[in-house]
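Trainee: Quick one: sequence and predicted model below, then my questions.
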Amino acid sequence: MILHGIETAARWELEALQLERLRVTAERVYARVPFYRQRFEECGVKPEDIRTLEDVRKLPFTTKRDLRDHYPFGLLAVDLSQCVRVHASSGTSGKPTVVAYTKKDIEHWADIVARAIVIAGGKPGDVIHNAYGYGLFTGGLGLHYGSERLGAVTVPVSGGNTDRQVMIIEDFQPTVICATPSYVLNIAERMKELGKDPRQTSLKYGIFGAEPWSEEMRRTLEETFDMKACDIYGLSEVIGPGVAMECHEAQNGLHIAEDHFLVEVIDPNTLEPVAEGEEGELVFTSLMKEAFPVIRYRTGDIASVTRERCACGRTTARMSRVKGRVDDMIIIRGVNVFPSEIEHHLLRVSELAPHYQLHRLRNGHLEAVELHAEVTEQFYGEIGGKLQGEAVDRLIHRIQALLKTHCLISIDVHLHPPKTLPRSEGKAVRVVDRRGQEHAV
């Protein structure tokens, strides 16, 4: 096991480093970013007021709306000519959020991701199959540069063209695969269609992220490929992938790169900090970024944080698996639930394939949600290729009872034949908004 020195530092050493870097970052944005200078003054705070890490709470929050309001380069702390790269979100709900990097930012990011790959089980000389999308999305290039920095053999296959993915995995013999968990399940399904056994590949470790996924999804991935499946976390506004990584030894929380990021967990309603170990909204302050530093960025992601030493020996804070995003939460007959919570229980039903969608509808003045799930080929064959009859009714009632017991929701369930729901070549679409399409079939 390769450990970076900072990952085993005493808490006081790490927190002293964070405080020093927090002060420098606060001075940087106050001097160079008019938006932050104005916000600091509105809060009645100056950089010199930061004397302890707890003083970060005196600083203003940053939101995605702030980034969009200053599109594209209004929050840069350097002139654009000093940057070497920009990335951006998809912008599906309006203008994208744009982030920029100096040469030093790119180097730091590569270091962070290299460390993350090691935490997940990778090592120099490994062949790493990178199936994250390349382009404005930070996933592909983030893992690419980290893999190269580690000294691994990087295969920049990107997403899509699943038959080619299968061929390269078979021919290049990678030991690590990086992708969204939903797309790797798509690859496994195609392998089986081609008469190949995913458990017989060379893959030993998977680095999966860019979408919320459950412990049951982990079990499915590990059993399907006979490998360790580890969670990576990041978001472009903070830097990209590598903000936190789950270790392959314990698989019990994601180690945050605390020398680069200061984490808080707040109640998304009151904006007050929650106790350690309690769930809330993750908030990150960057500590080393030059081009696009962020102060108390509200991620919208729900998780908890612990600072207990991990079984792997690392002392850095660990965040739990992301339960979901604040804006992804669905209200079903008055009960709040995240898609990942539903997924956790769906994947325990042996008759169901790991492919599902939640459809949001409007029933009169009320909102309704339908669950659409695929059955396995085995079950489909056993019932004679028709989704009707007592066996199907029993399965639907069992799914409804399971979700009622564990998620406290009552939901309409619609079963589909194998391989009929849309497949992911990137981030899975788990929630489909059909409100306003009441008459759609």
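Mentor: It's in.
Trainee: correct me, but Tyr30 touches Arg37?
Mentor: Yes: Tyr30 is within contact range of Arg37, at 5.3 Å (criterion: C-beta atoms under 8 Å). To be clear about C-beta, it is placed using only N, CA and C from the backbone, and glycine gets the same treatment.
Trainee: Who has more neighbours out of these two?
Mentor: Comparing Tyr30 with Arg37 by other C-beta atoms under 10 Å, the one with more neighbours is Tyr30, at 20 against 14.
Trainee: quick check, the more buried one in a strand?
Mentor: No: looking at Tyr30 with DSSP: H, G, I helix; E, B strand; the rest coil, it is helix, so not inside a strand.
Trainee: got the contact list for it?
Mentor: 36-37, 40, 46-47 (C-beta atoms under 8 Å, 6 or more residues apart in numbering).
Trainee: mind redoing it with 10 Å?
Mentor: By C-beta atoms under 10 Å, 6 or more residues apart in numbering, the contact list for Tyr30 reads 36-37, 39-41, 45-48, 59, 295.
Trainee: Identify the contacts common to Tyr30 and Arg37.
Mentor: Common contacts of Tyr30 and Arg37 (C-beta under 10 Å, 6+ apart): Lys46.
Trainee: and the two most separated of the contacts of Tyr30?
Mentor: Longest distance between any two of the contacts of Tyr30 is 16.4 Å, between Arg39 and Glu48; criterion C-beta to C-beta.
Trainee: Settle it for me: which of these two has more neighbours?
Mentor: Arg39 (20 against 10).
Trainee: could I get the contacts of Tyr30 as a markdown table with distance to Ser158 and secondary structure?
Mentor: Converted to a markdown table, the contacts of Tyr30 look like this (distance: C-beta to C-beta, whole Å; DSSP: H, G, I helix; E, B strand; the rest coil):
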| residue | distance to Ser158 | secondary structure |
| --- | --- | --- |
| Tyr36 | 35 | helix |
| Arg37 | 40 | helix |
| Arg39 | 38 | helix |
| Phe40 | 41 | helix |
| Glu41 | 45 | helix |
| Val45 | 44 | coil |
| Lys46 | 46 | coil |
| Pro47 | 42 | helix |
| Glu48 | 47 | helix |
| Leu59 | 38 | coil |
| Ile295 | 33 | coil |
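Trainee: Which among these count as buried?
Mentor: The neighbour-count test (16 or more other C-beta atoms under 10 Å) marks 36, 39-40, 45, 47, 59, 295 as buried among the contacts of Tyr30.
Trainee: nearest to Arg65, of those residues?
Mentor: Distance to Arg65, by C-beta to C-beta, is smallest for Arg39 among those, at 13.1 Å.
Trainee: Now do the contacts for the closest one.
Mentor: For Arg39, the contact set (C-beta under 10 Å, 6+ apart) comprises 29-30, 33, 45, 59-62, 66, 295-296.
Trainee: Ile6: which of the contacts of Tyr30 is nearest?
Mentor: For the contacts of Tyr30, the nearest to Ile6 is Ile295 (22.0 Å; C-beta to C-beta).
Trainee: Pick out the residue closest to the middle of this protein.
Mentor: Nearest to the mean C-alpha position of the chain, by C-alpha atoms, centre = their mean, lies Ala210 at 3.8 Å.
Trainee: Three-state assignment for that one, please.
Mentor: Classification of Ala210 by three-state DSSP places it in coil.
Trainee: and it, how far is that from Arg321?
Mentor: Per C-beta to C-beta, to the nearest Å, Ala210 is found 13 Å from Arg321.
Trainee: Overlap of the contact sets of those two?
Mentor: Tyr233.
Trainee: so where is the protein shaky, pLDDT-wise?
Mentor: Scanning the chain for pLDDT under 70 picks out 1-4, 91-94, 364-366, 437-441.
Trainee: quick one, strands of the stretch 151-300 of the chain?
Mentor: Assigned by DSSP state E, counting those that start in this stretch, the stretch 151-300 of the chain shows strands spanning 153-155, 176-179, 205-208, 228-235, 240-246, 254-256, 261-266, 280-286, 297-303.
Trainee: Can you give the contact residues for the first one?
Mentor: It refers to strand 153-155. By C-beta under 10 Å, 6+ apart, strand 153-155 touches 124-131, 143-148, 168-169, 172, 174-178.
Trainee: Which among the residues you listed count as buried?
Mentor: Buried positions within the contacts of strand 153-155, assessed by neighbour count (16+ other C-beta under 10 Å), are 126-131, 143-148, 168-169, 174-178.
Trainee: Among those, which lie within helices?
Mentor: Taking DSSP state H as the definition of helices, those contribute 143-148, 168-169.
Trainee: which of those residues sit farthest apart?
Mentor: Tyr145 and Ile169, at 21.8 Å, using C-beta to C-beta across those.
Trainee: Between all of the contacts of Arg39, which two are separated the most?
Mentor: Of all pairs in the contacts of Arg39, the most separated under C-beta to C-beta is Val45 and Asp66 at 17.1 Å.
Trainee: All the strands of the stretch 1-150 of the chain, residue numbers only.
Mentor: With DSSP E, counting those that start in this stretch applied, the stretch 1-150 of the chain shows strands at 83-88, 98-102, 127-130, listed in chain order.
Trainee: Need the ones you listed in JSON lines (columns: distance to Glu341).
Mentor: Putting the strands of the stretch 1-150 of the chain into JSON lines (distance: least, C-beta to C-beta, whole Å) gives the following:
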{"stretch": "strand 83-88", "distance to Glu341": "30"}
{"stretch": "strand 98-102", "distance to Glu341": "30"}
{"stretch": "strand 127-130", "distance to Glu341": "30"}
